[in-house]
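In: Please work out how this folds:
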Amino acid sequence: MEKLINDFSFGLFFWQTLIFLLLVFLLRKFAWKPILDAVNEREEGIKNALLSAEIAKRDMQNLKSDNEKLLAEARVERDIILKEAREIKDKIISEAKEDAQVQAGKMIEQAKAAINSEKNAAMSELKNQVSSLSISIAEKVLREELSNKESQTKLVVQLLGDVKLN
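Out: Residues are numbered from 1 along each chain as shown. The predicted model follows:
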């Protein structure tokens, strides 16, 4: 029995080895190259995908740094524009204040001139009224006093004396 088992095992082993070698030969001849090509193609695809991902990552970093630079430049430009706007605003306000002061000065001067001219006109009119009133009073006083000849002579002598003293 042992002989049968040894013969059987050896025969089975031989056939299994022969089938295995035949299978390896057939696989190598027909399937190994397409399988290796598919594996290599898959490996190349993965490498290309990794390379594309790395390039995309670098591009994203470059874009991010470019965006940060553009944002910084935009902030600087915004600050410059705001500063110029503030300066223009301050300049306009100061010019408006100066113009208002000049206009106020002109109005004050015009008011002073108008007051002075009105004052002078009033003074002139007052002087005219006072002088006409004085003349009329003097006329009335003189008529009373000069109604006789003796008082006329006395007044003339007195006026001559006053003229010489001044």
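In: what are the ranges of the helices in this structure?
Out: Using DSSP state H, the helices of the chain run over residues 2-26, 33-145, 149-165.
In: Serialize these to CSV and add fields for mean neighbour count and mean pLDDT.
Out: Every residue, glycine included, has its C-beta placed from N, CA and C. What follows is the helices of the chain, written out as CSV (neighbours: other C-beta atoms under 10 Å; pLDDT from 0 to 100):
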stretch, mean neighbour count, mean pLDDT
helix 2-26, 10, 79
helix 33-145, 10, 90
helix 149-165, 10, 72
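In: any idea how far residue 12 is from residue 19?
Out: Distance of residue 12 to residue 19, given as C-beta to C-beta, to the nearest Å: 10 Å.
In: can you check residue 27 too?
Out: In terms of C-beta to C-beta, residue 27 sits 12 Å off from residue 19.
In: go on, residue 93?
Out: As for residue 93, its distance to residue 19 is 103 Å (criterion: C-beta to C-beta).
In: Put the alpha carbons of stretch 126-146 into PDB.
Out: Extracted C-alpha coordinates of stretch 126-146, given in PDB (Å, rounded to 0.1, in the frame of the first residue of the first chain):
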ATOM      1  CA  LEU A 126     -28.000 167.200  11.300                       C
ATOM      2  CA  LYS A 127     -25.400 170.000  10.700                       C
ATOM      3  CA  ASN A 128     -27.600 171.500   8.000                       C
ATOM      4  CA  GLN A 129     -30.600 171.400  10.300                       C
ATOM      5  CA  VAL A 130     -28.600 172.800  13.200                       C
ATOM      6  CA  SER A 131     -27.200 175.500  11.000                       C
ATOM      7  CA  SER A 132     -30.500 176.400   9.500                       C
ATOM      8  CA  LEU A 133     -32.100 176.300  12.900                       C
ATOM      9  CA  SER A 134     -29.200 178.400  14.300                       C
ATOM     10  CA  ILE A 135     -29.600 180.900  11.500                       C
ATOM     11  CA  SER A 136     -33.300 181.100  12.000                       C
ATOM     12  CA  ILE A 137     -32.800 181.600  15.800                       C
ATOM     13  CA  ALA A 138     -30.100 184.200  15.200                       C
ATOM     14  CA  GLU A 139     -32.300 185.900  12.700                       C
ATOM     15  CA  LYS A 140     -35.100 186.100  15.100                       C
ATOM     16  CA  VAL A 141     -32.800 187.300  17.900                       C
ATOM     17  CA  LEU A 142     -31.200 189.900  15.700                       C
ATOM     18  CA  ARG A 143     -34.500 191.200  14.600                       C
ATOM     19  CA  GLU A 144     -35.500 191.700  18.200                       C
ATOM     20  CA  GLU A 145     -32.200 193.300  19.200                       C
ATOM     21  CA  LEU A 146     -31.700 195.300  16.100                       C
END
